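**Q** Structure here, sequence nowhere to be found:
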């Protein structure tokens, strides 16, 4: 036994659990388990923002009641532009998005004046005496502020569906001018020359709302949006609803800001009333018309 096999001499000459150098060491290295792979957590999506100043070419159809005197309104945007003494509006929409969640707000402020060609008198409210005089003019100052959140609940290919909830705040101040007649009670009106003016003062209310919207990517940089909501539920107004259809198309990018054109149509209806008799105020009105805007996404 002068000469022992290499594997046996290794076993006799080294402590248990160690292997000889050379090929056996390489074999041991091959048999050792590979290091566990390092799994990096996915980066959290960041917030993106979009601001859209726009113009809403509004028409009005409905009834305005101030201090128990009602006027039927039927005015297209062309009528308002042509015959209105006043037409001022500031409008803008802002949305912040992070993954499926988005927060939004929309502001509309307008001051509209209508002459007698687009309004006509209606019946008096109970408790208001006298016959109804001819309506001469109607001036409405109005602010509408929406705020809420939307969450994407379904997506397939280019189509996505969001649920949304929020609130819509209304502020109004309106003046209705009537022709003075001997049979008209003017005790609660301001009389200026041949006019009796009913002032509403400041009227404010808040409507909760719920709804949904569909976003469809027609092509890269082109998106179709359809939105509908309903609100009021007797908590603010008796009923309020809104429907919007819009199409956005990218115009270009400048200093990391993507600009898009927006065209669409918006309809907003509300039926709000408070008070009785000479304190009666009601705004039962549909506002509708084309929307034109430019959005900036960053």
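**A** Received the coordinates, thanks. In this text the structure is predicted, and so the values were computed from the model without any measurement.
**Q** Which strands or helices does whatever helix or strand residue 111 lives in pack on?
**A** Using DSSP states H and E, residue 111 sits within strand 101-115. Judged by 3 or more CB pairs under 8 Å, 6 or more residues apart in numbering; DSSP states H and E, strand 101-115 is in contact with helix 77-83, strand 87-98, strand 135-156, strand 159-179. Quick note: C-beta positions are derived from backbone N, CA and C, even for glycine.
**Q** Now do the last one: distance to the chain's middle.
**A** Pointing back at strand 159-179 there. Centroid separation for strand 159-179 versus its chain: 11 Å, with CA atoms, centre = their mean, to the nearest Å.
**Q** who does the helix or strand following it pair up with?
**A** On the C-terminal side of strand 159-179, the nearest following helix or strand under DSSP H and E is strand 190-192. Strand pairing for strand 190-192, determined by DSSP bridges: strand 195-199 (antiparallel).
**Q** Check the burial of the closest residue to residue 63 other than its chain neighbours by counting its neighbours.
**A** Leaving aside its chain neighbours, residue 63 sits nearest to residue 284 (4.7 Å; criterion: CB to CB, 6 or more residues apart in numbering). Residues lying near residue 284 (other CB atoms under 10 Å) number 19.
**Q** if I pick residue 284, what's in contact with it?
**A** Each residue near residue 284 by CB atoms under 8 Å, 6 or more residues apart in numbering is listed here: 62-65, 270-273.
**Q** Quick check: the closest residue to residue 293 other than its chain neighbours vs residue 139, distance?
**A** Leaving aside its chain neighbours, residue 293 sits nearest to residue 54 (2.8 Å; criterion: CB to CB, 6+ apart). Between residue 54 and residue 139 the computed distance is 24 Å (CB to CB, to the nearest Å).
**Q** now swap in residue 108 and tell me
**A** 17 Å.
**Q** how far out from the middle of the chain is the strand holding residue 111?
**A** That offset, for strand 101-115, works out to 10 Å (CA atoms, centre = their mean).
**Q** Check stretch 76-95 too.
**A** 19 Å.
**Q** cool, and stretch 278-294?
**A** What separates the centre of stretch 278-294 from the centre of its chain is 16 Å, taken as CA atoms, centre = their mean.
**Q** before we move on, the earlier item: so the residue nearest to residue 63 is in which element?
**A** Here residue 284 is assigned to strand 281-297, by DSSP H and E.
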